[in-house]
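Engineer: for reference, the sequence and a predicted model appear below.
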Amino acid sequence: MTTGILDYESDAIVQLMGIAEEDWTEQELREALQRAIMLELSTIPPYATALWSITDPDDGNPVRSAIREIVFDEMSHFGLVCNMLTSIGGTVVLTDPLTVPKYPGELPGGVNPGLEVFLSGLTRDSAALFADIEKPENPLAFAADGNTIGRFYQRIADVFPRYAHLLTGHNQVTFPLGAIGHGAGNDVVAMNTIDDVLKAINIIQTQGEGTDASPDNPFFGEPGELAHYYAFKEIAVGKKLVKNPTTGRFEFTGPDVPLPVTAPVARVPAGGWANDPANVPDQATADRLRDFNTTYSAMLDNLQKAWGGDRDRLFTAIGNMTDLGGMAQELNAIRLPGDPHLTYGPEWLFVQ
């Protein structure tokens, strides 16, 4: 095992990637899967905060729809990796203070080093951040470099077949998201065989990055959905991605992509709003922030217990997530005392 400590702010994924593939043991594989769970979880608060900041009354707004589908995808990816870990005898850890996401801050494990992930409302800047989180190793539209999430998953896919004999189907949690309209690849399914594992990893990679030949999400909810990277990049650039008929290259030169109407949710300071002297919340706002954080923490606890054998806790966690959306929108309506042009947003702080 490379670290032994599941510290969100460590560079453990970089360390894992530095170990030769043939030298990975069962311990490295289990640790990599826990790190992947932490990665998937880390994307949900910033994406959901941006989604819930949208106040446009048109529920079918294409930007809102794109981000909503991506949030569902990330939830599905989280569940699939949890099933991979428990199927080989690992334990999903979500409520250790060391494992929970920290904002603003880098992605867990040292992925995409130097990228600071923050919580705010939807803007061109936040969409650009989301695209950077999802960036492929070789994007079709322009170059990228560094340790990417897709590359990390590829290492897991390369190593896993050596340990296929460990798959037991133990403590599997399933949920048919595809049946309720969220895409053919979004079902949380059991990891009973190595084929199940490799198919799930392919879904995670291609929903996030597309393929070498296409920017499309091959496991879409609605035809025409782009992979996460390209969907976020369209929002960031403000232009649709189109294929140049002359060169055959994909370029962000298509029709405009207008932002929907949003609440002006400010960037949440490290440790929460109480750490911002100009915007310390009054008691009523502090109570709302506390209620959000308590519900978020309960959701993590319910998810951990769901993959610890109490499967019905998944439905409680889904209810928690629904409640968080309404709580966030209430916070988004409260103006900052230090800058009335901006509003509060949820802190996503873990309460032990």
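Structural biologist: Received, thanks.
Engineer: can you give me the strands in this structure?
Structural biologist: Listed in chain order, the strands found in the chain under DSSP state E are 242-243, 250-251.
Engineer: make CSV out of those and add mean pLDDT, distance to residue 319 and mean neighbour count.
Structural biologist: (Each C-beta comes from the backbone N, C-alpha and C, glycine too.) Shown next, in CSV, are the strands of the chain (pLDDT from 0 to 100; distance: least, Cβ to Cβ, whole Å; neighbours: other Cβ atoms under 10 Å):
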stretch, mean pLDDT, distance to residue 319, mean neighbour count
strand 242-243, 92, 41, 14
strand 250-251, 92, 40, 17
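Engineer: okay, the most centrally placed residue in the chain: pLDDT?
Structural biologist: Note on the chain: the residue nearest the mean C-alpha position is residue 43, at 2.6 Å, using Cα atoms, centre = their mean. Note for residue 43: predicted pLDDT of 96.
Engineer: and residue 336, by the same measure?
Structural biologist: Value for residue 336, per-residue pLDDT: 98.
Engineer: what do you get for residue 141?
Structural biologist: In this model, residue 141 carries a pLDDT of 39.
Engineer: returning to that earlier point: need the strands of the chain in TSV with distance to residue 175, can you?
Structural biologist: Listed next are the strands of the chain as TSV, based on distance: least, Cβ to Cβ, whole Å:
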stretch	distance to residue 175
strand 242-243	35
strand 250-251	33
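Engineer: so which of those strands gets nearest residue 103?
Structural biologist: Closest to residue 103 of the strands of the chain is strand 250-251 (Cβ to Cβ; 31.4 Å).
Engineer: what is residue 343 paired to in the beta sheet?
Structural biologist: residue 265, residue 335 (DSSP bridges).
Engineer: what's the separation between it and residue 328?
Structural biologist: Distance of residue 343 to residue 328, given as Cβ to Cβ, to the nearest Å: 11 Å.
Engineer: looking at those two, which one has more neighbours?
Structural biologist: With neighbours defined as other Cβ atoms under 10 Å, residue 343 and residue 328 compare such that residue 328 has more, 23 against 19.
Engineer: the more buried one: what's its closest spatial neighbour, skipping adjacent residues?
Structural biologist: residue 52 (4.2 Å; Cβ to Cβ, 6 or more residues apart in numbering).
Engineer: what does residue 158 give?
Structural biologist: The nearest residue in space to residue 158 (Cβ to Cβ, 6+ apart) is residue 21, at 5.6 Å.
Engineer: report the contact partners of the nearest residue to residue 261 once chain neighbours are set aside.
Structural biologist: Distances taken as Cβ to Cβ, 6+ apart place residue 56 nearest to residue 261, at 4.4 Å, with adjacent residues excluded. By Cβ atoms under 8 Å, 6 or more residues apart in numbering, the contact list for residue 56 reads 64, 260-262.
Engineer: which of these has the most neighbours?
Structural biologist: Neighbour max across these (other Cβ under 10 Å) = residue 262, 21 neighbours.
Engineer: and the pLDDT at the residue lying closest to residue 189 once chain neighbours are set aside?
Structural biologist: Excluding its sequence neighbours, the residue lying closest to residue 189 (Cβ to Cβ, 6+ apart) is residue 174, at 5.8 Å. pLDDT for residue 174: 96.
Engineer: same check on residue 275?
Structural biologist: So residue 275 comes in at 97 (pLDDT).
Engineer: and the residue nearest to residue 261, how far is that from residue 304?
Structural biologist: 35 Å.
Engineer: what ranges in this structure fall below the confidence cut-off?
Structural biologist: Along the chain, the model assigns pLDDT under 70 to residues 1-5, 137-147, 209-213.
Engineer: just the helices from it, written as ranges.
Structural biologist: 12-17, 26-52, 62-87, 124-134, 149-159, 194-209, 228-237, 283-306, 313-331 (DSSP state H).
Engineer: packing partners for the first one?
Structural biologist: So the one you mean is helix 12-17. helix 26-52, helix 149-159 (3 or more Cβ pairs under 8 Å, 6 or more residues apart in numbering; DSSP states H and E).
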